[in-house]
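Asker: what's the 3D shape of this:
(2 chains)
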Protein chains: 2
Amino acid sequence: MSETPSITAAILVIGDEILSGRTKDKNIGTIADHLFGLGIDLREVRVVPDVPAAIIAALNALRHAYTYVFTTGGIGPTHDDITADAVAEAFGVELREDPRAIALLLERIKPEDLNAARRRMARIPVGAELIKNSISKAPGFMLGNVIVMAGVPAIMAAMLHEVTPRLRTGAQVQVVNIATVDLPEGAYATALGAVAEAHPVISIGSYPSLVDGRFHNQIVLRGRDEPALEAAAAEVRAMLARLKTKN
Amino acid sequence: MSETPSITAAILVIGDEILSGRTKDKNIGTIADHLFGLGIDLREVRVVPDVPAAIIAALNALRHAYTYVFTTGGIGPTHDDITADAVAEAFGVELREDPRAIALLLERIKPEDLNAARRRMARIPVGAELIKNSISKAPGFMLGNVIVMAGVPAIMAAMLHEVTPRLRTGAQVQVVNIATVDLPEGAYATALGAVAEAHPVISIGSYPSLVDGRFHNQIVLRGRDEPALEAAAAEVRAMLARLKTKN
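Answerer: Predicted coordinates for the structure are as follows:
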């Protein structure tokens, strides 16, 4: 990618259940789509187990490298929910029961049911701002450039929506998709590479897929410079038209 | 996880298309399931863009930390397919056109259609063993502990199947799933934590999901020590039975 670096992000998925294959992650795709719409460049994703050292190491690597880090998973009431602890340790701040979080939990839980396990969900690193959760009330939080969200996809989506107004956003990346069928990538790869080289501010990818035994390709051009994007797309279309004439 | 460390793995997904949200990854779940069945512990996943420095840095971090690294994506004929180059550079070996790979390509491509772009797919790091691909013929490869596969899910699955006999496998992890409905995690979290603490060789997770507005939980116990697994599962079932009696 030769675009000017702008607002960047990483996702940190926390959960043994993804690594064991038991749960198939849906949050990466949801967050990727959302960030793309905001003009924020998602640059890296990591999935780590429910192990404090692994979470802390990944979080520290990512938060220093990107504008934002979005974490999913590990903020429930059970013993394997250790994300808040790991975030507090990574930032070197205390993890304390937060009265604002307790108040949110009490919107859903009767005071007599607010046991020790549920109070766990109100432990928030000092200095963090809460992210409300319209579904189950237990909040996520944002500390510095790290946004901590639930793993349940519907709750994650609610938190992502809730935190969006607090994010700096970038210029929208424009996209042109050019689809081909039964045209092998190898027939146009050299010519496509030449177009890519001629337009360094445009990122050009070729994505094959197999549908009912036939090879489909999507040639995808992406960039923030619209005239350059249009010029590159025109060259790709002309290149494909020449190929069709030849066959 | 307090299991004895055994044969471990990481996945490195290479592709701008996953990070932009355009393509939703399916390979992570497929590989995770497959490795679980082989008794290989998947410990980390990373997704990086089509940027040489990013691929090389991630590959070097992962291949020194785990028994195996499985990469997906970036081995086609177009200019954005740079995985083989990055792997060769990470290992400090040459990338050369491999006669064995050319022979495989010629099973599908006529000699007169074997252009420069298609020859790209026969560039293999020196010292690597090929991984055959029954679908489109262009091979993946295994170099040291790194297994390089295609990104198209059907082709990736064919390569994963093909390389499996070459992998060292571990003892199968046994799993017990205990499902609950309409029972909030917060009602049993403290008791579950006590069971987890009493059985350090068993990994216990609690995974909530939201189905038609109702909270479902899966309490999942995993481990290689069957008697300990059965004992922990019995304690969890007894704990849930006590909760139902109380309500």
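
Asker: Kindly check the end-to-end length of stretch A:158-178 for me.
Answerer: Start-to-end span of stretch A:158-178 (CA to CA, to the nearest Å) is 33 Å.

Asker: what about the helices in chain A?
Answerer: A:16-19, A:27-38, A:52-65, A:83-91, A:99-105, A:116-120, A:153-163, A:185-198, A:226-246 (DSSP state H).

Asker: Counting neighbours, what do you get for A:Glu112?
Answerer: 6 (other CB atoms under 10 Å in any protein chain shown). In short, each C-beta sits where N, CA and C put it, glycine included.

Asker: roughly how far apart are it and chain B?
Answerer: 12 Å (CB to the nearest CB, to the nearest Å).

Asker: tell me the domain ranges of chain A?
Answerer: Annotated domains of chain A cover A:8-166, A:174-246 [automatic domain parsing].

Asker: what would these look like in CSV with mean pLDDT and distance to B:Ile14?
Answerer: Below are the domains of chain A laid out as CSV (pLDDT from 0 to 100; distance: least, CB to CB, whole Å):
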stretch, mean pLDDT, distance to B:Ile14
domain A:8-166, 96, 11
domain A:174-246, 93, 12
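
Asker: Please identify which of those domains is closest to B:Arg214.
Answerer: Ranking these by proximity to B:Arg214 (CB to CB) places domain A:8-166 first, at 11.9 Å.

Asker: Could you tell me the end-to-end distance of the closest one?
Answerer: Note: domain A:8-166 ends 15 Å apart using CA to CA.

Asker: How far does that domain sit from its chain's centre?
Answerer: 13 Å (CA atoms, centre = their mean, to the nearest Å).

Asker: Highest mean neighbour count out of the helices of chain A?
Answerer: helix A:16-19 (a mean of 25; mean count of other CB atoms under 10 Å in any protein chain shown).

Asker: Which strands or helices does that one pack on?
Answerer: helix B:27-38, strand B:41-48, strand B:203-211 (3 or more CB pairs under 8 Å, 6 or more residues apart in numbering or on different chains; DSSP states H and E).

Asker: Next, format those as JSON lines and append distance to chain A.
Answerer: Converted to JSON lines, the helices and strands packed on helix A:16-19 look like this (distance: least, CB to the nearest CB, whole Å):
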{"stretch": "helix B:27-38", "distance to chain A": "3"}
{"stretch": "strand B:41-48", "distance to chain A": "4"}
{"stretch": "strand B:203-211", "distance to chain A": "4"}
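
Asker: now for these, which one comes closest to A:Ala171?
Answerer: The nearest among the helices and strands packed on helix A:16-19, by CB to CB, is strand B:41-48 at 23.0 Å.

Asker: does A:Arg237 really touch A:Ile178, like I thought?
Answerer: Yes. With contacts defined as CB atoms under 8 Å, A:Arg237 counts as touching A:Ile178 at a distance of 6.5 Å.

Asker: Would you confirm that A:Ala179 contacts A:Asn217?
Answerer: Yes. Contact criterion CB under 8 Å: A:Ala179 and A:Asn217 qualify, at 7.1 Å.

Asker: Who has more neighbours out of the two?
Answerer: Taking other CB under 10 Å, A:Ala179 and A:Asn217 do not tie; A:Asn217 has more neighbours (22 against 11).

Asker: Am I right that that one is in contact with A:Leu210?
Answerer: No. In this structure, A:Asn217 is not within contact of A:Leu210 by CB under 8 Å, at 10.7 Å.

Asker: Contact partners for the spatially closest residue to A:Lys26 that is not a sequence neighbour?
Answerer: Nearest residue to A:Lys26, sequence neighbours excluded (CB to CB, 6 or more residues apart in numbering or on different chains): A:Pro153, at 4.9 Å. The contact partners of A:Pro153, taken as CB atoms under 8 Å, 6 or more residues apart in numbering or on different chains, are A:Lys26, A:Asn27, A:Thr30.

Asker: A:Val13 too?
Answerer: A:Val13 touches A:Asp25, A:Asn27, A:Ile28, A:Val45, A:Arg46, A:Val47, A:Val48, A:Thr71, A:Thr72, A:Gly73, A:Gly151, B:Val45, counting by CB under 8 Å, 6+ apart.

Asker: mind running it again at 7 Å?
Answerer: Going by CB atoms under 7 Å, 6 or more residues apart in numbering or on different chains, A:Val13 touches A:Asp25, A:Asn27, A:Ile28, A:Val45, A:Val47, A:Thr72, A:Gly73.

Asker: For the fifth one, which residues are in contact?
Answerer: For A:Val47, the contacting residues are A:Val13, A:Ile18, A:Leu19, B:Glu44, B:Val45, by CB under 7 Å, 6+ apart.

Asker: Leaving aside the residues adjacent along the chain, what's closest to it?
Answerer: That would be B:Val45: by CB to CB, 6+ apart, it lies 3.8 Å from A:Val47.

Asker: what about the one you found, how many neighbours?
Answerer: 26.

Asker: wait, isn't it in contact with B:Ile31?
Answerer: No. If you go by CB atoms under 7 Å, B:Val45 and B:Ile31 don't touch, sitting 8.7 Å apart.

Asker: Which neighbours do those two have in common?
Answerer: Between them, B:Val45 and B:Ile31 share the contacting residues B:Ile11, judged by CB under 7 Å, 6+ apart.

Asker: The nearest residue to A:Leu229 once chain neighbours are set aside bridge partners, please.
Answerer: Distances taken as CB to CB, 6+ apart put A:Gly223 closest to A:Leu229, at 4.8 Å, once the chain neighbours are dropped. Beta-bridge pairing of A:Gly223 under DSSP bridges involves A:Gln174.

Asker: I'd say A:Gly223 and A:Ile204 touch.
Answerer: No. Look at A:Gly223 against A:Ile204 with CB under 7 Å: they stay out of range, at 9.0 Å.
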